[in-house]
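Novice: got a predicted structure here, sequence first:
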Amino acid sequence: MLKLSRFLLALTFVLVVGTFSESAYSEQGKDKDGPKKGLVFKESWKEDLKGIYLATSTGDVLVHTEQWVRFYDVNGKLVWKKDDLNFVTGGGVSREGDLIIYQSSPVPKTGQLTTLDLTVHILNHQGDEVLSKPNPYRYFNTLLSPKGTYIVFGEATAKKIYVYDKNLNPLWERETYLWYIGFDPDERFIFDSVSGMLLNTDGRRVWELPAGQKFLGISSGAEVVLSQPFLTIGSGRNKLYLTNRVSLEQVILDGYCAGVSYDGSLIAYQGLDRKVLVYRTRELFEKEKGRGEANPVWSLDINLAKLLQFSRDAQSLFIYGETSQKYGKAIFIDLNSGKKLWDKEWFSPLLKYVLSEDNRFFLAQTDSRSIEYYCLK
């Protein structure tokens with residue numbers, strides 16, 4: 001009888017330990033899969049934020065003021081920080097979160113910014129500095145390509161950009177403004193909206209928009225391009241041009257904000273009636289040639305759309321805009337079912353916002369010193 005009691009006690013202990021271990025393993029698995037849906041974390045600081053950035057694949061977060069830099073993982077855990085800096089500018093993070101860039105000055109900012117000697121810092125995910133070099137141009141703004149292969153330096157008042165590789169070796173330069181430069185999702189092309197040119201990564205012309213147009217969106221391989229008139233006054237500025245660069249098909253739409261899916265199969269835009277519409281691009285091209293009708297996949301009314309972004313697999317659409325009461329409003333839609341997966345309103349428009357490429361993570365700057373970070377699915 002004593003032996004049987006000991007056996008049952010030992011068995012109970014094994015089962016309890018096994019359950020605890022399974023539970024612990026399950027919790028670890030949840031951490032590996034990322035945070036739960038909803039607000040992951042929010043932070044406020046005493047200093048004004050100067051930059052917020054999101055690793056669009058992994059969901060890592062980079063924020064900085066002029067005095068410090070912070071890097072968080074997808075669960076909101078602080079991975080590393082750099083404090084006691086004098087003047088931080090030109091931040092960025094690659095889509096995988098494996099390359100981080102920022103610039104700093106050895107002395108505080110006083111008077112003319114052009115007198116500052118800036119140093120460019122390249123760090124890895126763990127916050128280890130792998131490279132630092134002086135910035136000879138004293139340009140305070142940088143554009144990091146999606147994969148972190150290329151770094152573009154520029155300034156608002158200087159019509160000149162300098163393109164470097166990730167080891168800070170100079171590649172080429174061009175007369176244009178940094179604000180009108182962008183990359184296609186796969187980093188094969190660079191678009192320049194000042195000239196309307198599509199360039200390869202060597203800076204050579206590949207294709208060109210009609211005169212006076214700027215790029216709004218570009219699909220993988222730059223096959224489908226969205227553009228609109230650059231500085232047109234009057235009704236012309238409300239025209240959207242959807243172009244297939246390969247087949248040379250084009251549709252002109254009346255509307256404002258627009259976005260194209262990664263594979264170029266879908267377009268979302270806000271019409272003049274304030275309705276956001278989603279169409280299959282192939283149907284629009286066929287309708288233009290008189291070969292059928294184009295019916296919207298989905299539609300929604302919103303006062304003023306600011307961002308229309310498809311997930312990389314074109315299964316969902318994220319919308320950010322403003323209501324008629326000037327509230328900031330975000331809506332996340334499953335395009336297969338048409339159901340609303342998530343939505344939120346803020347009492348004032350967001351200052352800045354960044355979205356991951358799968359539409360899962362959303363980073364918002366709600367005021368000059370605060371951020372909120374959400375997991376949407």
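Specialist: Right, received. Where do you want to start? Residues are numbered from 1 along each chain as shown.

Novice: confirm residue 179 sits in a strand?
Specialist: No. Counting by DSSP: H, G, I helix; E, B strand; the rest coil, residue 179 is not part of a strand but helix.

Novice: nearest residue to it other than its sequence neighbours?
Specialist: Spatially, and ignoring its direct neighbours in sequence, residue 179 is nearest to residue 156 (6.9 Å; C-beta to C-beta, 6 or more residues apart in numbering). From N, CA and C alone the C-beta is placed, and that goes for glycine too.

Novice: can you list the buried residues in stretch 210-229?
Specialist: If you call a residue buried by 16 or more other C-beta atoms under 10 Å, then stretch 210-229 has these buried ones: 213-229.

Novice: ok but residue 237 is inside a helix, no?
Specialist: Yes. According to three-state DSSP, residue 237 belongs to a helix.

Novice: next one: it from residue 344, what distance?
Specialist: Computed with C-beta to C-beta, to the nearest Å, the distance linking residue 237 and residue 344 is 30 Å.

Novice: how near is residue 43 to residue 375?
Specialist: Between residue 43 and residue 375 the distance, using C-beta to C-beta, works out to 16 Å.

Novice: picking that back up, distance of the residue nearest to residue 179 from residue 140?
Specialist: Taking C-beta to C-beta as the measure, residue 156 and residue 140 are separated by 9 Å.

Novice: more neighbours, these two?
Specialist: Between residue 156 and residue 140, counting by other C-beta atoms under 10 Å, residue 140 is the more crowded of the two (20 against 10).

Novice: now do the contacts for the more buried one.
Specialist: Remark: with contacts taken as C-beta atoms under 8 Å, 6 or more residues apart in numbering, residue 140 is in contact with 89, 90, 103, 113, 118, 155.

Novice: mind listing what's buried in stretch 146-158?
Specialist: Counting neighbours by 16+ other C-beta under 10 Å, one finds that the buried residues in stretch 146-158 are 146, 147, 148, 150, 151, 152, 153, 154, 155.

Novice: can you flag which of the residues you listed belong to strands?
Specialist: Residues of the buried residues of stretch 146-158 located in strands (DSSP state E): 150, 151, 152, 153, 154, 155.

Novice: right, and the helix or strand after the strand ranked longest in the chain?
Specialist: Using DSSP E to define each element, the chain has its longest strand at strand 249-260. Reading on from strand 249-260 to the C-terminus, the next helix or strand found by DSSP states H and E is strand 266-271.

Novice: may I have that next one as PDB, with CA atoms only?
Specialist: Extracted C-alpha coordinates of strand 266-271, given in PDB (Å, rounded to 0.1, in the frame of the first residue of the first chain):
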ATOM      1  CA  LEU A 266      -5.200  45.700 -57.100                       C
ATOM      2  CA  ILE A 267      -5.600  49.400 -56.900                       C
ATOM      3  CA  ALA A 268      -7.300  51.400 -54.100                       C
ATOM      4  CA  TYR A 269      -8.100  55.100 -54.500                       C
ATOM      5  CA  GLN A 270     -10.400  57.700 -53.100                       C
ATOM      6  CA  GLY A 271     -12.900  59.100 -55.700                       C
END
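
Novice: any weak-confidence spans in the stretch 1-150 of the chain?
Specialist: Low-confidence segments of the stretch 1-150 of the chain, defined by pLDDT under 70, are located at 1-33, 108-116.

Novice: where do the helices of it begin and end?
Specialist: In the stretch 1-150 of the chain, the segments counted as helices under DSSP state H, counting those that start in this stretch are 2-33.

Novice: show me where it has its strands.
Specialist: Under the criterion DSSP state E, counting those that start in this stretch, the stretch 1-150 of the chain carries strands at the ranges 38-44, 51-54, 61-64, 69-72, 78-82, 89-93, 100-104, 119-123, 129-134, 141-144, 150-155.

Novice: for the first one, which helices and strands make contact with it?
Specialist: The one in question is strand 38-44. strand 370-375 (3 or more C-beta pairs under 8 Å, 6 or more residues apart in numbering; DSSP states H and E).

Novice: quick one: the strand it packs on to strand 38-44, angle?
Specialist: Between strand 370-375 and strand 38-44, the angle comes out at 160 degrees (axes from the mean of the first three to the mean of the last three C-alpha atoms, to 10 degrees).

Novice: right, I'll leave it there.
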